[in-house]
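1. The following block contains a protein sequence and its predicted model.
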Amino acid sequence: MNEDLFRESPLLTVRAADVAGVVVVKIEGEIDVDTADVVLDALRLGFSSEGPALVADLTHVSFFGSTGISTLITAHELADAHSKDFHVVAPHRAVKRPLQVTGVADVLVLHDSVDEALSALKPVLSE
């Protein structure tokens, strides 16, 4: 797996990797008004790459509020604009609960692990 560091700061680390032809953007730390643009830039870059899909791995996100929700909604719209599948890994309550309460979980494709997301994408990858 080839992994590139996109951004690292005390509040946020963003890495992107190609895993079996799928861009996986791994986000660690806080997604808030100060860091959302960095996250969105990384996702934008991922959507502009080759490959049929992008996975946003939010497993290690420690803070996720309304700005994070808006960021994922924008990413979902970008996925549609680029004709790509967009899957979100959100195994923990800090991210999953705000998405469920707001109904955004009904719009996004959520998974509990990157492996689960990649398995769900296997039919897409073989096309």
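-> Alright, I've got the coordinates.
2. Quick one: neighbours of residue 14, just the number.
-> 23 (other Cβ atoms under 10 Å). The way it works is simple: take the backbone N, C-alpha and C, and place the C-beta from them, glycine included.
3. Relative to residue 24, how far out is it?
-> For residue 14, the distance to residue 24 equals 11 Å [Cβ to Cβ, to the nearest Å].
4. Equivalent analysis for residue 52, please.
-> According to Cβ to Cβ, residue 52 stands 13 Å off from residue 24.
5. again with residue 77
-> In terms of Cβ to Cβ, residue 77 sits 20 Å off from residue 24.
6. Who has more neighbours out of the two?
-> Higher neighbour count among residue 77 and residue 24: residue 24, with 23 against 11, using other Cβ under 10 Å.
7. correct me, but that one touches residue 55?
-> Yes. If you go by Cβ atoms under 8 Å, residue 24 and residue 55 touch, sitting 4.6 Å apart.
8. quick one, helices of this structure?
-> With DSSP state H, the ranges of helices along the chain come out as 36-47, 66-81, 93-102, 114-125.
9. Any chance of these in JSON lines with distance to residue 10 as columns?
-> Shown next, in JSON lines, are those (distance: least, Cβ to Cβ, whole Å):
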{"stretch": "helix 36-47", "distance to residue 10": "13"}
{"stretch": "helix 66-81", "distance to residue 10": "18"}
{"stretch": "helix 93-102", "distance to residue 10": "18"}
{"stretch": "helix 114-125", "distance to residue 10": "25"}
